[in-house]
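# Sequence and predicted structure, then a few things I'm wondering about:
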Amino acid sequence: MFRRHAVLPLLLLAATAFMVVYPLAMVLYGSVRDAAPGQPSAFTLAHWRAVLADASTYRVLLTSLLIAVPRTILALVLATAFAWCIARTTTPGKRLLEGLLVFLFFLPELPWVLAWMLLGAPNVGLLNQWLRAIVPGVEPFVNVYSYAGLIVLGAVRSAPVLFLFVYPAFQAMDATLEEAARMAGASAWRTIWRVNLPLLLPALLASGILSFVVAMEAFEIPQLLGTPAKIFVFTTRIYDLAYGGHVARFGPAMVLAVLLLLLTVSLIVVQWKLLRGRAYTTISGRGYQARPLDLGPWRWVPFAFIAGFFVAFGALPFAVLLLNSFMELSGFIAWEMFTTRHWTDALSRTAVLTSIKDTLTVSVTAATLGMIVSALISYVVTRTTWAGRTVLDMIAWAPWAVPGLVMALGFLWAFVWLPIYGTLWLLVLVFVARGLPVGSRFFTATMVQIGAELEESARIHGASWLRAFVRIWVPLLRPAILGAWILLFVIAVRVLDLAVLLAGPGSRMLSVDIFLWTVTGRQEAASVLALLQTVLVLAGYFGARLLLGRIPGQSAL
C-alpha cells in the first residue's frame, strides 16, 4: 500500500538519480557508441579496443601517477606540519594562522594558476627576472611548465584543504600520551613517530587518499602548465580528445573518462575498507588534556613558516595578478607601462558583462537549489526510518568520487536531447549535483545533534510536516543553511572543469572566459576577469566568516 509520508523520499530519490546516476550511466553509454552526442549511433567496442591498445594511454596513466603520488605526499606533509604547529605547539597567533590557511582554501584556483604563469615562466617569468636583476647572468631556476611545477603547485593548492581534515584530529589528541613517551626518555621526534603518527593514521589515510583523488582529477593546473610542456594526464587527454582538437573524438574520451571514474571510485572504496571497524580512541573521560608543546624561543619559527607560506603562495600571486592587469604588456611590470586600458576594455564589452551576469545567476540559483535539496536529503537520511534512505545517501555522496570533467561529459551525453542543453539551466543542474556531498555534510552534521522532541511536539499539536519543518528545523539549521549556501555559491563561481564542456554562447561563465582568454594569449584581459572572479569568491568567503564565524570542520569540503 502506498503511504503518503514516502512521497518526499521517493521524489528526492528520483531527483538525485536523475542528476547523478543518469549522467554517470551515460558516461559508460557514450564509450560504446560510434557517434557524437545527439547523433544516431550504434553499439561498438572499437573505442575500448583502440584506447586499451594505444601505448599513449599507459603513458598518460604513468604520467598521472608520477605527478599525483609526490604531489599527495608533499601536500600531506605540509598539511600535517601546519596542523601540528597550530594545534600541538605554543606557536603564537594561532587564530591568525588558521584563518590564513582557510583563506587560501577559498582563493579561486584559475586566477592563482594564471598568476604563477606570470611568476614562474622560464626566462621571462617575474621571479627569474628579479633573480637576474639581483644576480646578473644567473640561469633561470623557476619553471612552472615542468613536472616539478605541477607537483609543487598542486601540493600547495591541496595543503590548505588537507589541513582542514587533519587539524581536528590533532586538536582531539590526548597530550598525556606524548608526555608519557617523553617521561620514558623518548625524544620529541621519536614521540611524533611512535605516538602521534599511529594515532593520526585514520585522518592521515583519509586525507592522503582524498589528496590523491584530487590530484588524479585535477584539470586547471595540468591543462595550463602541463600542456605547453607536453605533459599530459588523464584529464587533459580527455579534454583534448573531446574539445581541444579540430575534430572531437568523444568515443575515446568517454573510455578514458570511464577508466578515470573507476580509478577514483576504487580509491574511495579502499579508504572505506581500510577505516571500517578501526578504533583510534584518544579522548576518554579519564584526565583528558590537550596541552601544547612548549617550543620556547623557537615558537616564532613555525609562525614565520606558515605566514611565509601564505605570503609566497597567496598574497604574492594575487598582488602580481593585480599589477599585471594594469600593465601594457603582460609579464613586464614597470610604472612607465601603467594603463587602465585592459579594465576599461573588459568592462565595456557586452560579452564580459553577460559572463558576470550569467555566473551570478548560475551560482545563486545552484547554491539555493543545492542547499534546499541537500537539507531535504539529510532530513530523510537522519530523521526518518524510510527503507531507501541508505540508497539515497549513497547517491547523494556519489559525486564526491566523480572527477568534474567526467561529470561534465556525462551531462553532455545525458541532456543533449533536452531543451535545457546549452542553457544556464544545464549548468545549474550540474552544479547542484556536484554540491550534494558538500551540502549534505553541513546539514547532516547539524541534524544528528538535534533531538526529535521539538518536531514531535509540533506534530502532536496538529502542525503539518511542512509547517513543522519551516517553523522548527529552519531556525535551528540557520548556520548550516548559510554555510552550505555560501560554499556552494563559491564552488559554482570558481570551478572550471564542470563548465568548460557545457558552457556555450547562451550560457557564459567567468571561469571559462578566463581559461579561453589565457590559452589564446590574452593574459592581460584574462587577469582582469580573474580578479573579478576573485572578488566574487572573496565576497562569499567574507560572508561566511561574518555570518558563521570560524567553522574549520564544516569548511573542509
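Sure, I can see it.
# isn't Ser355 right next to Ser511, touching?
No: using CB atoms under 8 Å as the test, Ser355 is too far from Ser511 to be in contact (9.3 Å). The way it works is simple: take the backbone N, C-alpha and C, and place the C-beta from them, glycine included.
# Of those two, which one has the most company?
Using other CB atoms under 10 Å as the criterion, Ser355 and Ser511 rank with Ser511 on top: 27 against 24.
# ok, that one - contacts?
Contact analysis of Ser511 by CB atoms under 8 Å, 6 or more residues apart in numbering lists Pro108, Leu110, Thr359, Val493, Arg494, Val495, Leu496, Ala499, Val500, Gln533.
# repeat that for 10 Å
Contact analysis of Ser511 by CB atoms under 10 Å, 6 or more residues apart in numbering lists 108-111, 220, 355, 359, 492-500, 503, 529-530, 533.
# Then Glu328?
Ala334, Glu336, Met337, Phe338, Thr339, Arg341, His342, Glu524.
# I'd like the average pLDDT over the host helix or strand of Ala253.
Using DSSP states H and E, Ala253 sits in helix 250-275. Averaging pLDDT along helix 250-275 gives 85.
# May I see the buried residues of the host helix or strand of Ile486?
Secondary structure from DSSP H and E places Ile486 in helix 478-494. Residues of helix 478-494 classed as buried: 480-494 (neighbour count, 16 or more other CB atoms under 10 Å).
# do stretch 503-522 as well
Here stretch 503-522 shows 503, 507-515, 517-518, 522 as buried, counting by 16+ other CB under 10 Å.
# Export the contacts of Glu328 as TSV, with columns for distance to Pro9 and secondary structure.
Output for the contacts of Glu328, formatted as TSV (distance: CB to CB, whole Å; DSSP: H, G, I helix; E, B strand; the rest coil):
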residue	distance to Pro9	secondary structure
Ala334	63	coil
Glu336	66	helix
Met337	62	helix
Phe338	60	strand
Thr339	59	coil
Arg341	57	helix
His342	52	helix
Glu524	52	helix
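# Tell me the one of the residues you listed nearest Ala312?
Proximity of the contacts of Glu328 to Ala312 was ranked by CB to CB; the top entry is Ala334 with 22.5 Å.
# and that closest one, what does it touch?
Per CB under 10 Å, 6+ apart, neighbours of Ala334: Leu323, Met327, Glu328.
# where's it relative to Met327, distance?
For Ala334, the distance to Met327 equals 8 Å [CB to CB, to the nearest Å].
# same check, this time on Trp517
The value you get for Trp517 to Met327, if CB to CB is used, is 16 Å.
# Kindly export stretch 6-23 (C-alpha atoms) in CSV.
C-alpha atoms of stretch 6-23 as CSV (Å, rounded to 0.1, in the frame of the first residue of the first chain):
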residue,chain,number,x,y,z
ALA,A,6,7.0,8.2,1.4
VAL,A,7,6.3,10.8,-1.3
LEU,A,8,9.1,13.2,-0.4
PRO,A,9,11.8,10.5,-0.1
LEU,A,10,10.7,9.0,-3.4
LEU,A,11,10.8,12.4,-5.1
LEU,A,12,14.2,13.1,-3.7
LEU,A,13,15.5,9.7,-4.8
ALA,A,14,14.2,10.3,-8.3
ALA,A,15,15.7,13.7,-8.5
THR,A,16,19.1,12.7,-7.2
ALA,A,17,19.2,9.7,-9.5
PHE,A,18,18.3,12.0,-12.4
MET,A,19,21.1,14.4,-11.5
VAL,A,20,23.8,11.8,-10.6
VAL,A,21,23.1,8.2,-11.7
TYR,A,22,21.7,9.0,-15.1
PRO,A,23,24.7,11.2,-16.3
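# Please tell me how far it is from the chain's geometric centre.
24 Å (CA atoms, centre = their mean, to the nearest Å).
# for it, which positions count as buried?
Buried residues in stretch 6-23, counting neighbours by 16+ other CB under 10 Å, are found at Leu8, Pro9, Leu12, Leu13, Ala15, Thr16, Ala17, Met19, Val20, Tyr22, Pro23.
# residue ranges with poor pLDDT in the chain?
By pLDDT under 70, the low-scoring segments of the chain are 1-5, 172-199, 244-246, 274-291, 448-466, 468-472, 544-545, 547-557.
# Which element, helix or strand, includes Asp393?
Short version, using DSSP H and E: Asp393 is in helix 389-397.
# buried residues in the helix or strand where Phe310 lies?
Counting by DSSP H and E, the element that carries Phe310 is helix 300-310. For helix 300-310, the buried set under the neighbour-count rule, 16+ other CB under 10 Å, comprises Pro302, Phe303, Ile306, Ala307, Phe309, Phe310.
# now could you export just the CA positions of it as CSV?
Extracted in CSV, the C-alpha atoms of helix 300-310 (Å, rounded to 0.1, in the frame of the first residue of the first chain):
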residue,chain,number,x,y,z
TRP,A,300,58.3,32.0,16.1
VAL,A,301,59.8,29.6,13.6
PRO,A,302,56.5,27.9,12.7
PHE,A,303,54.7,31.2,12.8
ALA,A,304,57.2,32.6,10.2
PHE,A,305,56.9,29.3,8.2
ILE,A,306,53.1,29.4,7.9
ALA,A,307,53.0,33.2,7.4
GLY,A,308,55.7,33.0,4.8
PHE,A,309,53.8,30.2,3.0
PHE,A,310,50.7,32.5,2.8
